[in-house]
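[1] predicted model and sequence below, questions to follow.
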Amino acid sequence: MSVATPSLSRFQISLPRIGVPSLWHWIVFVVVLLLVATPLLFLVLGSFSTARLPSEFSLTDLSLANYIKVWSDPGTYAVFTNTVIFAVGSTFVGLVIASALAWLVERTDLPFKIWIYAGVPMTLVMPGMLQAMAWVLLSSPRIGFINVALMNIFGLSSPPFNIYTLPGMIFIEGLRAVPTAFLMLVPLLRSMDPALEEAAATSGARPWSSMRKVTLGLMLPGLMAVMIYQFTSVLEGFEVPGILGLPTGIYVFSTKIYTVLHSASALPAYGEANALGMLYVLIAVVSTYLYSRVIGKSERYTIITGKGYRPKLSKLGFWRWPAFILVLLFISLSVIIPFAVFAYVSFLPFLQAPSAKAFASMSWDNYATIMHTEQLGHMLWNTLIMTVSVATGTVVLSFLISLVVVRSRFWGRKILDQMAFVPHAIPGMVMGLALLWIYLQIDKLDIGLFGSIWSIVIAFIIGYISYGTRVMNAALLQVHKDLEDAAKMSGARQWRVMWRVFCPLLMPSMTGIWIWTILHVIRAAGKPLILADGSENEVLAVVIWNMWDQGYVEAVGAIGTILILVMLAFTLLLRVAGFGRSAHIQGASGQ
Amino acid sequence: MIRIKGLRVRYESERGVVDAVRGIDLAVAAGQFYTLLGPSGCGKTTTLRCLAGLETATEGEIAIGGEIVYSSGNRISVPPYRRDIGMVFQSYAIWPHMNVFENVAFPLREMRGRFSRAQIRDKVEKALHLVQLDGLETRPAPFLSGGQQQRLALARALVREPKVLLLDEPLSNLDAKLREDTRIELRELVKRLGITTVYVTHDQLEALTMSDLVAVMEGGRIVQEASPTEIYRMPKEKFVANFIGLTNFLDAKVIGLANGEGLGEVETSSGRLRCHLPEDTAIGDRVVVVVRPEDIGLSTESPSQVNNVLEGTVAEASFLGDAIEFQVAVSDNRIRLKLHPNTSVRKGDAVRFLLPAHSCRALAS
């Protein structure tokens, strides 16, 4: 009954010592540090390296030569201007469309809202690479179906549209930004307590003024966060500027770095690529800082706002159906039209504009051809292993990181959170380049990581933990602390608490991250292009890229059609399986 | 059963270093119902969470049932899952992904292999019967009402038959009527089981009606620890008197020390009063005289130097149902008194009233 004297209790020290429970916090911290900081370190070191190849890297050959070479080239400044215009433009286009959609779905009496709510995120199914290719087929000056049709009808002497331009790139990349921005904006609108707006109204503010001063004011930090996130997303995009910009020499940084490494005429200039990539590191640091500041602010706001309100819906009146048609137009532009183009091309013996003759010549030949491609089975197997490993790894790692960040008092939790976010702003191309240096160093130990599927898997996981941890942080904040503590009080150990309480409660978020990652990995060409070595390590995105490059447009059409259909089916399946069951859990855990 | 020595909790938050608990000593005997009472931010929940092992203290020693579970000196910190306790949370913390049965069975399953399936079924049913939730085993947890969730949380805390039960404001989310019933039921239940209970609340009524011993906390310290009656009748500090029940405070100066009855004399701006004085008081000390409104009664005597009768004008009268509360202006003081509703006193009347000397306590100000 009484407290033992100190001398006695020295014999009871079989009990765990203070500090041991945080051991796994340390492990997570060190793993993330290794994954994020080492590539960046090598990126920096490599930019000063004068060695011809990364494998010849040594600390003695360091100089500013790469920087001088790169930044004295006037071409670099043109690239810089292009990149800024491209990123700002696409963010703007994407955000405007996404805000309009989110507002229409959440706050108005738009018809068929549930379908639109489900349909907009579905546009994620369309890979950017394929979307860009589809629009090339529609509006390239030479073969574009729309151009050809308009020239025939109106007797124009020159094609009216040219997709191989900056506006073309901005249009496509902007469309691509919409679903993610939409998914981020909807909860923002939903969590806003209408009482705050009503309070403005009863204080004598007119609707427009209350919208501007209260609604927009409250949303501003959140909106800023979405904007910074989208801006960095666009910066890292490689596929769209790759397909649309490379043929006509309109470079942005990510494609410029690719060209420096894949120049047909010279040895890859790794050092110069690094010197270019450093600009991204700078942008990454700045945007991470801004993002965390803005997020901190928006979380302060969320405390004021509540949950579970049924906002009053604005009546669109006459504009109800025109608004609906505009929404349909967006979905058509981003999914339906590109898909139709692919499906059309995939049945053609050779590329031609739609006509009675073209439809008459259709056959399954292209599908038969790709089915008989030698490497197909191997390539699909690679792709499957890669996507599943990346998605699972991302979910597990994000979950662990977020647990430390949100739920512990670990001293480094803020640093951990920021480290997890940094890779988002580093383009896949640059991260691939940085990892290349490491893999080549590791290869001196004869491990054989370089060029393998696993080298790509690691690169992808690093890139996606930023998204994974953002979603997971938010989801964990929703799970009441008491639910965790109650399990501990019931005698559960740390890992049992994770397994029996967090995992089931977070299943919807985990499934969401898993799908999102799969959808992104399967289409990303940047990292595999730079990291995969040898045909036995090829994945789907690289195959599509190469086939397009070599002009096998009809075969790309067939593969693209199958890919889109598979991804669509996959998304629908997991939506049904993952989200239906847990709807009531989500509702109840927020109490 | 529980002994806490010199407990201190200090942590860093965004607003700098917070001293949540600044040195707490307490002892709870086996089977006792012990309540930590105080306003929000007084450190009562932090103390409870340290006891549970959910929070690690900075300094001090905690023992449960003779076993040291935390000791800063010996670097001992037993994790929560190895402490023999059950806990009910303010939010109930019912896991929404499990049904009623699974929620209660969870603590048993975590003892891995100690119980067979049949034993678990048996124990869960007993626990559910204890809280009158029989027959709801397969109901998904989110489909329970607030009162049912509260009882489910209790069943889950009791199913392992722990030595100690910790309750963190378990009634504050119930509506008023249900809270009243549950108060009595809960006390009866834990008394019947003979389980040592530590209860955290900011509701004085809960503390007074349920506890064997109440510790009033303020600013991370225990201000007074005593039985409910003593806490109410004999508050040691102004804070306690103010926090528990409605009280009159009169600033005063000591003019006469305790006589044979233990009563001294003080001078207030409304007149002289005889009252209990704190120990070690000297003539001329500033004190605060505390007297409960319900102890004051009307008087027919005229105010004199020593009879504790005052005279004033009724400034406010509010009908409370079972009583009327009057505020009587006496020079610059306002004194509240509670009278039976059929009194003839009206607002604006001049009244004389008696502050019984034994109900008046002077506290150091």
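    Yep, it's here.

[2] now chain A, which segments are flagged as low pLDDT?
    Residues of chain A that meet the criterion pLDDT under 70 lie in A:1-21, A:52-56, A:191-210, A:212-214, A:263-267, A:295-313, A:574-591.

[3] for chain B, same thing?
    Using pLDDT under 70, chain B drops low at B:14, B:305.

[4] in it, what residue spans correspond to helices?
    For chain B, helices defined by DSSP state H occupy the ranges B:44-52, B:100-109, B:117-130, B:146-158, B:176-193, B:204-210, B:228-233, B:238-243.

[5] indicate which one of these is closest to chain A.
    helix B:100-109 (3.5 Å; C-beta to the nearest C-beta). The way it works is simple: take the backbone N, C-alpha and C, and place the C-beta from them, glycine included.

[6] does anything pack onto the closest one? Which helices or strands?
    Counting contacts by 3 or more C-beta pairs under 8 Å, 6 or more residues apart in numbering or on different chains; DSSP states H and E, helix B:100-109 packs against helix B:117-130, helix B:146-158.

[7] what's the most buried one of those helices?
    Ranked by mean neighbour count, those are led by helix B:146-158 with a mean of 23 (mean count of other C-beta atoms under 10 Å in any protein chain shown).

[8] can you list contacts of that helix?
    A:486, A:489-490, B:86-89, B:92-94, B:100, B:103-104, B:106-107, B:124, B:127-128, B:130-133, B:136, B:141, B:144, B:165-166, B:170-171, B:173-175, B:178, B:182, B:186, B:189, B:193, B:195 (C-beta atoms under 8 Å, 6 or more residues apart in numbering or on different chains).

[9] just the buried ones from these, in PyMOL syntax?
    Typed into PyMOL, the line below selects the buried ones among the contacts of helix B:146-158, using 16 or more other C-beta atoms under 10 Å in any protein chain shown:
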select buried, (chain A and resi 486+489+490) or (chain B and resi 86+87+88+89+92+93+94+100+103+104+106+107+124+127+128+130+131+133+136+141+144+165+166+170+171+173+174+182+186+189+195)
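
[10] could the helices of chain B be laid out in CSV, adding distance to A:Tyr117?
    Output for the helices of chain B, formatted as CSV (distance: least, C-beta to C-beta, whole Å):
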stretch, distance to A:Tyr117
helix B:44-52, 40
helix B:100-109, 33
helix B:117-130, 40
helix B:146-158, 31
helix B:176-193, 39
helix B:204-210, 46
helix B:228-233, 56
helix B:238-243, 51
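
[11] make CSV out of the helices and strands packed on helix B:100-109 and add distance to B:Ala350.
    Formatted as CSV, the helices and strands packed on helix B:100-109 follow (distance: least, C-beta to C-beta, whole Å):
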stretch, distance to B:Ala350
helix B:117-130, 58
helix B:146-158, 50
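
[12] isn't A:Ser99 up against A:Leu188?
    No. Counting by C-beta atoms under 8 Å, A:Leu188 is not a contact partner of A:Ser99; they are 9.9 Å apart.

[13] mind jotting down where the helices sit in the stretch 1-150 of chain A?
    With helices called from DSSP state H, counting those that start in this stretch, the stretch 1-150 of chain A shows them at A:6-9, A:23-48, A:65-71, A:74-107, A:113-122, A:128-139, A:145-154.

[14] which one of those lies nearest to chain B?
    Closest to chain B of those is helix A:6-9 (C-beta to the nearest C-beta; 5.0 Å).

[15] contacting residues for A:Tyr367?
    Residues near A:Tyr367 by C-beta under 8 Å, 6+ apart: A:346, A:558, A:562.

[16] and if we set it to 6 Å?
    Applying C-beta atoms under 6 Å, 6 or more residues apart in numbering or on different chains to A:Tyr367 gives the contacts A:Ala558.

[17] do the one 3 residues further on as well
    Contacts of A:Ile370 were listed using C-beta under 6 Å, 6+ apart, and they are A:555, A:558-559.

[18] in helices only, show me the residues you listed.
    Of the contacts of A:Ile370, the ones assigned to helices by DSSP H are A:555, A:558-559.

[19] any chance of the residues you listed in TSV, plus distance to chain B?
    Shown next, in TSV, are the ones in helices among the contacts of A:Ile370 (distance: C-beta to the nearest C-beta, whole Å):
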residue	distance to chain B
A:Ala555	47
A:Ala558	43
A:Ile559	40
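
[20] for chain B, what's the nearest residue on the stretch 301-450 of chain A?
    Nearest residue of the stretch 301-450 of chain A to chain B (C-beta to the nearest C-beta) works out as A:Arg409 at 7.1 Å.

[21] nearest spatial neighbour of that residue, skipping sequence neighbours?
    Closest residue in space to A:Arg409, ignoring its immediate chain neighbours: B:Tyr11 at 7.1 Å, by C-beta to C-beta, 6 or more residues apart in numbering or on different chains.

[22] gap between the one you found and B:Glu169?
    B:Tyr11 sits 21 Å away from B:Glu169, going by C-beta to C-beta, to the nearest Å.

[23] more neighbours: which of these two?
    Higher neighbour count among B:Tyr11 and B:Glu169: B:Glu169, with 20 against 14, using other C-beta atoms under 10 Å in any protein chain shown.

[24] just give the nearest non-adjacent residue to the more buried one, would you?
    B:Glu169 sits nearest to B:Gln90 (C-beta to C-beta, 6+ apart), 4.3 Å away.

[25] so that neighbour versus B:Leu152, what's the distance?
    For B:Gln90 relative to B:Leu152 (C-beta to C-beta), the value is 14 Å.

[26] now do A:Tyr270
    Between A:Tyr270 and B:Leu152 the computed distance is 63 Å (C-beta to C-beta).

[27] now do A:Tyr280
    53 Å.

[28] with B:Leu171 instead?
    Distance of B:Leu171 to B:Leu152, computed by C-beta to C-beta: 15 Å.

[29] also A:Leu244?
    With C-beta to C-beta as the criterion, A:Leu244 and B:Leu152 are 60 Å apart.

[30] ok, A:Asp61 next?
    Separation of A:Asp61 from B:Leu152 (C-beta to C-beta) stands at 69 Å.

[31] try A:Gly451
    A:Gly451 is 57 Å from B:Leu152, by C-beta to C-beta.

[32] so for A:Ser99 and A:Leu188, which residue has more residues nearby?
    Counted by other C-beta under 10 Å, A:Ser99 and A:Leu188 do not tie: A:Leu188 has more neighbours, with 22 against 19.

[33] state the helix or strand in which the more buried one lies.
    Per DSSP states H and E, A:Leu188 falls inside helix A:166-190.
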